[in-house]
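In: sharing a model that was predicted from the sequence below.
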Amino acid sequence: MLQQTQVATVIPYYQNFMQRFPSVSALAAAEEDQVLHCWTGLGYYARARNLHKTARIIQRDYAGQFPKTVDLLQKLPGIGLSTAGAILALASNQRAVILDGNVKRVLSRYHCVEGLPQQSQTMKKLWQLAEEHTPAQDCRNYTQAIMDLGATLCTRTKPDCPSCPVQSNCLAWHSGRCEDLPQRKAAKSLPLKTTHMLILLSPDKNQVLLEKRPAQGIWGGLWSFPEHAGADQLQDWLSQFDCKTENSQLKNFRHTFSHFHLDIRPHLHSLQNQPAFVMEKPDWHWYDLKNPSELGLAAPVQSLLKQLEKAI
């Protein structure tokens with residue numbers, strides 16, 4: 001959960017997740033929708049799908065016990081070199097090296113490492129430094145400490161250098177370059193995309209049609225409203241139903257991803273008669289507004305469902 005996401009955001013999700021899935025076996029036995037339901041709103045949903053897949057592999061192939069080597073851990077879905085190191089260091093107190101975003105920042109400043117962290121030569125240098133600093137003993141405390149140092153003091157902007165316990169040997173501090181390191185790419189303006197979301201109500205207005213998204217791409221594996229690139233395509237799709245347009249109080253809004261803005265335009269319609277074939281499609285689900293199922297929902301879908309409760 002902490003990959004790409006700050007601790008303060010993660011804590012309530014983590015507590016709820018661990019209460020719901022307290023063991024590898026409990027997670028392995030769950031359905032994917034139950035896992036995604038607990039992840040809804042946290043973003044980067046491939047993490048949840050990979051975590052679920054990994055639990056099933058560990059339960060099936062490793063008798064419920066995590067592998068104890070970096071090489072074996074990296075063979076599991078969603079676990080790279082740094083995450084494998086973190087698992088071994090924090091869970092087993094084994095000597096293992098990590099290089100997450102916080103550690104990269106601390107090492108880049110402490111040693112005045114030039115170059116963009118994404119560049120292979122810079123990454124090679126940072127991994128070398130991480131290896132040199134990682135102690136043979138008490139690796140768990142060191143690993144937690146250097147991550148916390150980056151998260152609380154050696155922050156991306158406005159680092160609290162006067163409070164830093166390693167300030168005296170920090171090359172960036174002595175050269176006045178703490179704000180400049182690690183080097184960052186020039187910010188680019190995010191492109192803008194538009195999508196039209198169809199909110200199709202059942203005749204009694206107690207249910208709304210959701211569609212399961214492909215596993216790959218944004219909101220992978222989550223349930224969302226049927227989407228269309230334009231209003232004309234939406235009307236063509238609606239022609240298969242006997243439905244009417246509802247007076248909609250649903251507002252257009254913007255959802256921002258890391259790499260683009262998405263303008264969402266909701267269209268509210270209701271069926272006059274519910275055709276039987278709608279119920280038969282495996283990637284469609286009539287979502288009961290009064291007794292909702294446990295599904296993984298995209299964050300904008302949650303927002304629209306809340307709007308819908310007030311509009312109907």
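Out: Great, that's in hand.
In: going forward, measure contacts between C-alpha atoms and count neighbours the same way
Out: Fine.
In: where do the strands sit along the stretch 1-150 of the chain?
Out: Per DSSP state E, counting those that start in this stretch, the stretch 1-150 of the chain carries no strands over any range.
In: how about the helices in it?
Out: Taking DSSP state H, counting those that start in this stretch as the test, the helices found in the stretch 1-150 of the chain are 7-20, 24-29, 32-39, 46-61, 70-74, 81-92, 101-110, 120-133, 139-152.
In: give me the distance between the residue nearest the centre of the chain and T134.
Out: Nearest to the mean C-alpha position of the chain, counting by CA atoms, centre = their mean, stands Y44 at 2.3 Å. Taking CA to CA, to the nearest Å as the measure, Y44 falls 29 Å from T134.
In: ok, now Q6?
Out: 24 Å.
In: the more surrounded of the two?
Out: T134 (18 against 11; other CA atoms under 10 Å).
In: residues touching the residue lying closest to the more buried one once chain neighbours are set aside, list them.
Out: Leaving out its chain neighbours, the residue that sits closest to T134 by CA to CA, 6 or more residues apart in numbering is V97, at 6.4 Å. V97 makes contact with 82, 85-86, 89, 130-131, 134, according to CA atoms under 8 Å, 6 or more residues apart in numbering.
In: which residues of the stretch 151-300 of the chain fall in helices?
Out: Using DSSP H, counting those that start in this stretch, helices in the stretch 151-300 of the chain cover 171-175, 231-238, 299-311.
In: could the ones you listed go into a markdown table alongside distance to C154, mean pLDDT and mean neighbour count?
Out: What follows is those, written out as a markdown table (distance: least, CA to CA, whole Å; pLDDT from 0 to 100; neighbours: other CA atoms under 10 Å):
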| stretch | distance to C154 | mean pLDDT | mean neighbour count |
| --- | --- | --- | --- |
| helix 171-175 | 11 | 96 | 16 |
| helix 231-238 | 48 | 87 | 13 |
| helix 299-311 | 31 | 87 | 14 |
